[in-house]
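J.: need a 3D model of the following:
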Amino acid sequence: MAEAERITGTPEPEPGSGTDPAPGAEGGGPAEPEQGAGRGKRRIAALLLVAFLVYLLDLGSKLLVVEKLEHHEPIEVIGTLLQFSVIRNRGAAFGIGEALTIFLTIIAAAVIVVIARIARKLYSLPWALALGLLLGGAFGNLTDRIFRSPGIFEGAVVDFIAPAHFAVFNLADSAIVCGGILIVILSFRGLDPDGTVHKD
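T.: Numbers count the residues shown, from 1 in each chain. Alright, predicted model coming up:
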């Protein structure tokens, strides 16, 4: 082999000369897919972390206000402009659709399933944050639907943030709204969950 290369003028690559097959070439490992998989795992971890923090904050705040504030006078945070006042809401966010409790529970569960499917191809950190907000908020209110009275899948959600001249809501509602707004912004900017940017 070396004699044939000498005759044809083709130099034999020396060990360590930098001419060895690069990773990803024939005989090498697919470096780019491995890097993409690692990045995807980090984005999923960010999604789950955001969702977990939102869920803990929502659950903790609800347990606290039910114990300390329910059946008591509202607490003024900023005079009458913002108060903490506990109500039990069987409707959707901000008290909408009180006769559709079971249907709203199904929708919350469906949202969680959709987020799980999207997460399989998630490579964008902003999308991970947005979906984490949605997932944490959905789990927060779904927990109330399942475990609070009057019964399973018909439970009333605990709301306690009461701005003046506005509906009473909770931290899960806030996370869902913020996540939805962020998704709208990302969509307008052309950023997809897989990290690609498209222009219409």
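
J.: what about residue 181, how many residues nearby?
T.: 12 (other CB atoms under 10 Å). (Glycine included, C-beta is placed from N, CA and C.)

J.: strands of the protein, residue ranges please.
T.: 75-78, 82-89, 157-163 (DSSP state E).

J.: can you list these in JSON lines and add distance to residue 199, mean pLDDT and mean neighbour count?
T.: Conversion of these to JSON lines gives the following (distance: least, CB to CB, whole Å; pLDDT from 0 to 100; neighbours: other CB atoms under 10 Å):
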{"stretch": "strand 75-78", "distance to residue 199": "43", "mean pLDDT": "93", "mean neighbour count": "12"}
{"stretch": "strand 82-89", "distance to residue 199": "41", "mean pLDDT": "93", "mean neighbour count": "18"}
{"stretch": "strand 157-163", "distance to residue 199": "39", "mean pLDDT": "94", "mean neighbour count": "22"}
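
J.: for residue 141, find the nearest of those.
T.: When the strands of the chain are ranked by proximity to residue 141, the top entry is strand 157-163, at 5.1 Å, counting by CB to CB.

J.: list of residues touching the closest one?
T.: The contact list for strand 157-163 (CB atoms under 8 Å, 6 or more residues apart in numbering) reads 61-62, 65-66, 69, 74, 81-90, 95, 141, 144-145, 148, 168-174.

J.: and it, how far from the chain's centre?
T.: Here strand 157-163 is found 22 Å from its chain centre; the criterion is CA atoms, centre = their mean, to the nearest Å.

J.: can I get it in CSV, CA atoms only?
T.: Output of strand 157-163 as CSV, limited to C-alpha atoms (Å, rounded to 0.1, in the frame of the first residue of the first chain):
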residue,chain,number,x,y,z
VAL,A,157,-59.7,25.8,42.4
VAL,A,158,-58.4,28.1,45.1
ASP,A,159,-58.0,31.7,43.9
PHE,A,160,-56.8,34.5,46.2
ILE,A,161,-55.1,37.3,44.2
ALA,A,162,-57.8,40.0,44.0
PRO,A,163,-57.0,43.2,42.1
